[in-house]
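Chemist: Sequence first, predicted coordinates after that:
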Amino acid sequence: MIELNKDNFEEEVLNFDGKVVVDFWSESCDHCMEIMPEVKKLAEEFADDFKFAKLDIKGNRRLAIGQKVLGLPSIVFYENGEKVEHLSGEDLEPEDIRKELEARA
Amino acid sequence: MSEKYDLIVLGGGPAGMSSAIYGSRSRLKTLVLEAKRKTGGQPSTYHDMENYPGVPETTASELMENFRTHAEKFGTEFKKGEVKSLEVDGFEKIIKCKKGEEYRAKSVVIATGAEPRKLGIKGEEEFKGKGVSYCATCDADLFTDLDIVVVGNGNSAVEESIYLTKFVNKITMIVIHDEGVMDAEKILQEKAMENDKIEFVWNSVLEEIKGEGIVEKAVVKNIKNGEKSEIDCSGVFFFVGRVPSTDFLEGVVDLTEHGYVKTTKQMETNQPGVYAVGDVRNKVVRQVITAAGDGATAAVMAQSYIEEEEYWQNHVVNADKPALVAFWSVTDQESMDLISQLEAMELENKGYKFLKIDTYKNRLISDRYDVEEIPTLLKIKAGEVVSKLVKPEKEEIKELI
Ligand SMILES: Cc1cc2nc3c(=O)[nH]c(=O)nc-3n(C[C@H](O)[C@H](O)[C@H](O)COP(=O)(O)OP(=O)(O)OC[C@H]3O[C@@H](n4cnc5c(N)ncnc54)[C@H](O)[C@@H]3O)c2cc1C
């Protein structure tokens, strides 16, 4: 998974022609850390259909807020630079992410 | 077939984990079912823990981790699962979770606590996880250097606001009361008033949350003059009390009109073998220490319930011989006389199982068989009462045998 930050976000996500999935996370978010291994597996499984990236909101808070992310974990789906889906919340399970991936692949 | 436990605890907060510590230490096969990924209940959502006896230096989440380690040390199992139903079928209690998992237990402790009250304000649901929060420690980080609004003015609201000032730029507390009046304790109020980062809007309520995708504005209404104003903010935190998590218990155990579980001082609900502990039950002081105390009481009660019930099942309901059961109490001389009389009759040699039930200690069986007066003598065959004698005469007993 590509590591995103202020400098490459635009190029890798907003100006990208295709489908991108961004995992917004932070070390202080227990649930983010828990689902991360599962997200990595999904990234391998769905590598043909999506580009997977992650963004540590620490130090990138403005960027996250710019993407309307104010709750972790947040898994945001982009298509040709457009935000098309935003999954988030305490109850978010890897299977929810899988369903969305299957629907959008 | 689902796995069977001696004790299943619903909810992994301080009350539930205390029950589990006591239960598993007494060798009850104990399971804790917790809806959330993380155990610890409410204390896993706030920071300071200054009044738990014997632990002067700790944090709320550290204390809860210790509760869990302590329970696991004695063999408690923990599983994730949101309980959706509880069914009581005599000695068997059946518990079903959201994802269809099913568990069976001889006794159940309800420790589902309380969850934050939602106000149902416009935007509250829409912006959940997008600026609306009910948990300071979970989300504080996200609001670093931003402005937020806090709704509420009780102890939690004030404590959590003070905690949040370590992260955020500014807090506006919306207080429904007149200037200077808050529900929180005086010392907390003073701390909040002294804090430069906290401002107050008095006589007001939050009316709406607005934004494009995330929280941007809070609409506040003055209840004295009806005037509305907007506050720019990135987050809205709600600390406006709690409601018991008992929806799934309606019709199963008796609840108060506010949804709390009714219990006796021994934590018993109206269902034998089902107890309720901590914030979920009808009581006055809701703290970690009182939750822990409730938990201990319930586990001890559950243990003696199981012992009594198993004894009864083995010696009466499933026995191959008919049973004669005498209900007595030390305070009743007549009942003591009956016991000695029966003991002298060598009932065991006549093909009977003879049992004595102390009605003072064991209400469970006495209530089940509607024993109102003592002495009472029951003759039970294959679990069915074949005769019931209240204050029996010698002749009647002879006839019975
Ligand atoms: C902000 C704040 C500050 C506080 N500060 C203090 C303090 O300093 N000192 C103090 O002593 N007390 C404090 N309290 C009070 C204290 O936290 C509570 O009294 C205590 O947590 C009650 O414990 P409990 O186990 O009964 O319930 P809870 O802590 O509410 O735990 C209940 C658990 O059950 C789970 N659950 C709910 N429904 C289900 C279901 N259907 N299936 C499975 N699991 C379920 C929940 O997820 C939760 O984990 C504070 C409370 C708050 C909100």
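Modeler: Good, I have the coordinates.
Chemist: Of all residues in chain A, which one is nearest the centre?
Modeler: For chain A, the residue sitting closest to the mean C-alpha position, by CA atoms, centre = their mean, is A:V22 at 1.9 Å.
Chemist: Would it be right to say that it lies in a helix?
Modeler: No - counting by DSSP: H, G, I helix; E, B strand; the rest coil, A:V22 is not part of a helix but strand.
Chemist: could you pull out the helices for chain A?
Modeler: Secondary structure of chain A (DSSP state H): helices at A:9, A:30-45, A:61-66, A:94-104.
Chemist: Ranking the ones you listed by mean neighbour count, which comes first?
Modeler: helix A:9 (a mean of 19; mean count of other CB atoms under 10 Å in any protein chain shown). To be clear about C-beta, it is placed using only N, CA and C from the backbone, and glycine gets the same treatment.
Chemist: and that helix, how far out from the chain's middle?
Modeler: 12 Å (CA atoms, centre = their mean, to the nearest Å).
Chemist: tell me which strands and helices that helix is in contact with?
Modeler: The contact analysis (3 or more CB pairs under 8 Å, 6 or more residues apart in numbering or on different chains; DSSP states H and E) places helix A:9 against no helix or strand.
Chemist: what does the stretch 201-350 of chain B have sitting close to chain A?
Modeler: Counting by CB under 8 Å from any CB of the partner chain, the stretch 201-350 of chain B comes close to chain A at B:E212, B:G213, B:I214, B:V215, B:S234, B:G235.
Chemist: nearest to the ligand, of the helices of chain A?
Modeler: helix A:30-45 (13.7 Å; CB to the nearest ligand atom).
Chemist: ok, and does the closest one reach over to chain B?
Modeler: Yes - for helix A:30-45, a contact with chain B is found by CB under 8 Å from any CB, at A:D30, A:H31, A:E34.
Chemist: Which residue comes closest to A:M1 once chain neighbours are left out?
Modeler: Nearest non-adjacent residue to A:M1, counting by CB to CB, 6 or more residues apart in numbering or on different chains: A:F52, 4.6 Å away.
Chemist: on that earlier part again, can you tell me which of the residues of helix A:30-45 next to chain B are up against the ligand?
Modeler: When contact is defined as CB under 6 Å from any ligand atom, these do not meet the ligand at all.
Chemist: ok, the residue nearest to B:N270 when sequence neighbours are not counted - how many residues close by?
Modeler: Here the nearest residue to B:N270 in space, its sequence neighbours aside, is B:D254; by CB to CB, 6+ apart that works out to 4.6 Å. By the criterion of other CB atoms under 10 Å in any protein chain shown, B:D254 has 14 neighbours.
Chemist: Spit out the contact partners of the nearest residue to A:F9 once chain neighbours are set aside.
Modeler: Closest residue to A:F9 apart from its sequence neighbours, by CB to CB, 6+ apart: A:L63 at 5.9 Å. When contacts are counted by CB atoms under 8 Å, 6 or more residues apart in numbering or on different chains, A:L63 is found next to A:N5, A:K6, A:F9, A:L55, A:I57.
Chemist: what about the residue in chain A positioned nearest to the ligand, neighbour count?
Modeler: Residue nearest to the ligand within chain A: A:E90 (10.3 Å; CB to the nearest ligand atom). With neighbours defined by other CB under 10 Å, the count for A:E90 comes to 17.
Chemist: which residues sit in contact with it?
Modeler: So A:E90 contacts A:H31, B:K36, B:R37, B:G129, B:C138 (CB under 8 Å, 6+ apart).
Chemist: List the backbone torsions phi and psi for B:D232.
Modeler: phi -70, psi 130 (degrees, to the nearest 10).
Chemist: near chain A, which residues of the stretch 1-150 of chain B show up?
Modeler: By CB under 8 Å from any CB, the residues of the stretch 1-150 of chain B that approach chain A are B:36-38, B:128-131, B:133, B:138-139, B:141-145.
Chemist: any weak-confidence spans in chain A?
Modeler: The model of chain A has no residue with pLDDT under 70.
Chemist: Where does it get nearest to chain B, which residue?
Modeler: Closest residue of chain A to chain B, CB to the nearest CB: A:G71 (3.0 Å).
Chemist: and the nearest residue to that residue once chain neighbours are set aside, how many neighbours?
Modeler: Among residues not flanking A:G71 along the chain, B:G129 sits closest, at 3.0 Å (CB to CB, 6+ apart). If you count neighbours by other CB under 10 Å, B:G129 ends up with 22.
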